[in-house]
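In: Sequence and predicted structure below; questions after.
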Amino acid sequence: MAANAIRADRGTSMIDRLRPVSAVSSSCKICGGAAELYGVVDFHKSCAEAQGVRLPLSGVPIYYRRCKTCAFLFTDAFDDWDHDQFKRFIYNDGYLVVDSDYVSARPRANAEAVARLWDAHKAETRVLDYGGGNDVFCAVLRERGFPVALTYDPMTPEYARRPEGKFDLVTCFETLEHMPDPAAGIALVLEHVAEPGLVFYSTLAQPADFEKYGLTWWYVGPRNGHVSIFSKRALTLAWGRYGYRTVSFNDDVHLAFRTLPSFLAHLSKIAEALPLPS
């Protein structure tokens, strides 16, 4: 693990174009409310700390803001970065140190869950995995009999070509928290959703006792690229601006939709209880 930690640390001193921090309140990226500075962590704070893996301090401070209205937590430190910088400093060879499940374990588990849930409708379900990173998730779905299961990820050259057509099911696992501009990112996701169609996604929303932990919460991890941390309210507002409702099955797994397909009509009562935000 020591060797891996060194690889994760490589090049940190060369980080450039971080947006300078300002003590002035800024606008929330979700609702436009006042978002003041909330705290600061080292760039090497990662989600792997929950498993006891700690990287050496980088000496690069990353400041987060939190909206007073919708509780959206975000950093604007990386807002001026392009794809190349994200790949150089975050999604590099050291990324596996802070997210070892990324390559196989998580996409396989997610695919098995989707295969079980959509098994009866797989023949007529076109699937797009948005932000999937590699094709493991879709490969499992194709093995399970899904005729169309495609991967799209702008950060991965092999899968960076925009897919054609619309998809009945767009999956988006552990992706929203990586978006510096989540409202624009959600709009890009929705470009691929058929009507009716669904977005089945995961991102860990802030727990009810988030204030107890603040930035020590394990999911706040700039080294993982976790730049946008949602509250349930922020998720509702983010999807709502495009006419979509979102249902949360738990703090991590969610479903977004405008019109429910017939086989999910039993969710209509839940949908009716979730009016779009004004």
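Out: Great, that's in hand.
In: Low-confidence regions, the stretch 1-150 of the chain specifically.
Out: 1-14 (pLDDT under 70).
In: Kindly recompute the last result at 90.
Out: Applying pLDDT under 90 to the stretch 1-150 of the chain flags residues 1-17, 132-133.
In: Do a quick rundown of the strands in it.
Out: Ranges of strands within the stretch 1-150 of the chain are 26-27, 34-42, 61-67, 73-74, 126-130, 148-152, based on DSSP state E, counting those that start in this stretch.
In: Can you lay out those strands as TSV showing distance to A115 and mean neighbour count?
Out: The way it works is simple: take the backbone N, C-alpha and C, and place the C-beta from them, glycine included. Putting the strands of the stretch 1-150 of the chain into TSV (distance: least, C-beta to C-beta, whole Å; neighbours: other C-beta atoms under 10 Å) gives the following:
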stretch	distance to A115	mean neighbour count
strand 26-27	41	13
strand 34-42	37	16
strand 61-67	37	22
strand 73-74	33	27
strand 126-130	10	25
strand 148-152	10	22
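In: of these, which approaches V189 most closely?
Out: Closest to V189 of the strands of the stretch 1-150 of the chain is strand 126-130 (C-beta to C-beta; 5.3 Å).
In: So what touches the closest one?
Out: 114, 137-138, 141, 146-153, 163, 165-173, 175, 189, 192, 194 (C-beta atoms under 8 Å, 6 or more residues apart in numbering).
In: Export the strands of the stretch 1-150 of the chain as CSV, with columns for distance to Y242.
Out: Below are those laid out as CSV (distance: least, C-beta to C-beta, whole Å):
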stretch, distance to Y242
strand 26-27, 19
strand 34-42, 21
strand 61-67, 19
strand 73-74, 19
strand 126-130, 15
strand 148-152, 19
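In: Nothing else from me, thank you.
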